[in-house]
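Student: coordinates only, sequence not included:
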Ligand SMILES: [Ca+2]
Ligand SMILES: [Ca+2]
């Protein structure tokens, strides 16, 4: 009789312990999930050609892997597979959303055909390590400087 009472109390204690564990696990799992969602990072490039203007509006928007990471350099690249890609221009410490006006011929990476532009974005973490995120590729025709 007494043994049964002890067993019941032990079972009840275990049940409470199990419930406590279940209630704790999702709380612990949430930060890990948020971190893995953030871990990919992303950069999106858009280039808008202005009608009747030699200039274009370039906009490179990045979400770093962590909010504390700093975008140190954005390199505008011309895709030239199978040849090595060309660097068209640099932007140092541009910020995560960089919108600027640039002469279209600066992005004319292929004189004979259409142009394929993407950005290579170099980030530095708070601990000094670094990583790179490439943007999407924009396909347009930028014309050479005439004159
Ligand atoms: Ca090309
Ligand atoms: Ca071109």
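Tutor: Looks like it came in fine. Everything numeric here is computed off the predicted structure, so don't read it as measured data. Ligands and ions are numbered 1, 2, ... in the order given.

Student: what's near enough to touch residue 101?
Tutor: Listed by Cβ atoms under 8 Å, 6 or more residues apart in numbering, the contact set of residue 101 reads 55, 56, 57, 58. To be clear about C-beta, it is placed using only N, CA and C from the backbone, and glycine gets the same treatment.

Student: and the gap between it and ligand 2?
Tutor: Distance from residue 101 to ligand 2, counting by Cβ to the ion, to the nearest Å: 19 Å.

Student: for the helix or strand hosting that residue, list every residue counted as buried.
Tutor: Residue 101 belongs to strand 97-103 when assigned by DSSP states H and E. Buried residues in strand 97-103, counting neighbours by 16 or more other Cβ atoms under 10 Å, are found at 98, 102.

Student: ok, now stretch 72-80?
Tutor: Of all the residues in stretch 72-80, those buried under the rule 16+ other Cβ under 10 Å are 73, 74, 75, 76, 77, 78, 79.

Student: what do you get for stretch 112-125?
Tutor: Neighbour counts over stretch 112-125 (16+ other Cβ under 10 Å) mark 115, 116, 117, 118, 119, 120, 121, 123, 124 as buried.

Student: state the mean pLDDT of the strand holding residue 101.
Tutor: The average of the pLDDT scores along strand 97-103 is 97.

Student: just among the contacts of residue 101, which is most surrounded?
Tutor: Of all those, the highest neighbour tally under other Cβ atoms under 10 Å goes to residue 58, namely 23 neighbours.

Student: give me the three-state assignment for that residue.
Tutor: Secondary structure assignment for residue 58 (DSSP: H, G, I helix; E, B strand; the rest coil): strand.

Student: for it, which non-adjacent residue is closest in space?
Tutor: For residue 58, ignoring the flanking residues on the chain, the nearest one in space by Cβ to Cβ, 6 or more residues apart in numbering is residue 47 at 5.1 Å.

Student: could you count how many residues lie near that neighbour?
Tutor: Residues near residue 47, counting by other Cβ under 10 Å, number 19.

Student: contact partners for it?
Tutor: Residue 47 makes contact with 56, 57, 58, 59, 107, 117, 138, 140 under the criterion Cβ under 8 Å, 6+ apart.

Student: rerun that using 6 Å as the cut-off
Tutor: Residue 47 sits next to 56, 58, 138 when contact means Cβ atoms under 6 Å, 6 or more residues apart in numbering.

Student: all good on my end, thank you.
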